[in-house]
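Colleague: next comes the sequence, and after it the predicted model I'd like to discuss.
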Amino acid sequence: MPARTQPPHVEALRARLIAAAEDAYEDAGFAGLCAEGRWELALDAMRALDLERLDLDTPDEAPGGSPAGTAPFDGGEPPPSGP
């Protein structure tokens with residue numbers, strides 16, 4: 001089955017979601033969370049992205065190394081899980 005080419009904004013959104021999940025998973029590992037906890041924080045990071053604020057035309061990272069619209073896990077309380 002041939003790969004479908006996605007519009008650039010869809011690919012940019014996918015890249016931002018993946019980056020948010022990867023950053024959260026890695027940060028949670030540094031904080032000592034188990035694999036399940038790391039996965040939960042990765043999901044929370046994707047849920048927490050402010051999709052309306054994302055500028056999908058510019059894939060540059062926001063200051064601090066996180067993609068725009070995300071915040072790295074600071075080792076404190078994790079964000080609440082969505083419904």
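Modeller: Arrived safely, thanks for sending.

Colleague: how about stretch 45-58 as CSV, C-alpha atoms only?
Modeller: Extracted as CSV, the C-alpha positions of stretch 45-58 are listed here (Å, rounded to 0.1, in the frame of the first residue of the first chain):
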residue,chain,number,x,y,z
ALA,A,45,1.8,16.1,27.4
MET,A,46,0.0,15.4,24.1
ARG,A,47,-3.4,16.2,25.7
ALA,A,48,-2.0,19.4,27.1
LEU,A,49,-0.8,20.9,23.8
ASP,A,50,-2.6,24.1,23.1
LEU,A,51,-3.4,23.3,19.5
GLU,A,52,-4.8,26.8,18.9
ARG,A,53,-1.5,28.4,19.9
LEU,A,54,0.7,26.2,17.8
ASP,A,55,2.3,27.8,14.8
LEU,A,56,2.5,24.8,12.5
ASP,A,57,4.2,26.8,9.8
THR,A,58,7.4,27.1,11.8
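
Colleague: which parts of that stretch are buried?
Modeller: For stretch 45-58, a neighbour-count test (16 or more other CB atoms under 10 Å) marks 45-46, 48-49, 54, 56 as buried. For every residue, glycine as well, the C-beta is placed using N, CA and C.

Colleague: with stretch 9-29 instead?
Modeller: Buried-residue list, stretch 9-29, by 16+ other CB under 10 Å: 12-13, 16-17, 19-21, 23-25, 27-28.

Colleague: export it as CSV, just CAs?
Modeller: Extracted in CSV, the C-alpha atoms of stretch 9-29 (Å, rounded to 0.1, in the frame of the first residue of the first chain):
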residue,chain,number,x,y,z
HIS,A,9,0.2,21.3,8.6
VAL,A,10,-0.8,17.7,9.4
GLU,A,11,2.8,16.6,9.4
ALA,A,12,3.8,19.6,11.6
LEU,A,13,1.1,18.7,14.1
ARG,A,14,2.2,15.1,14.2
ALA,A,15,5.8,16.2,14.7
ARG,A,16,4.8,18.5,17.6
LEU,A,17,2.8,15.7,19.3
ILE,A,18,5.6,13.2,19.0
ALA,A,19,8.1,15.8,20.3
ALA,A,20,5.9,16.6,23.3
ALA,A,21,5.5,12.9,24.1
GLU,A,22,9.2,12.1,23.7
ASP,A,23,10.2,15.1,25.9
ALA,A,24,7.7,14.2,28.6
TYR,A,25,8.7,10.5,28.6
GLU,A,26,12.4,11.3,28.9
ASP,A,27,11.9,13.9,31.6
ALA,A,28,9.7,11.5,33.6
GLY,A,29,12.5,8.9,33.3
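
Colleague: right, I'll call it a day here.
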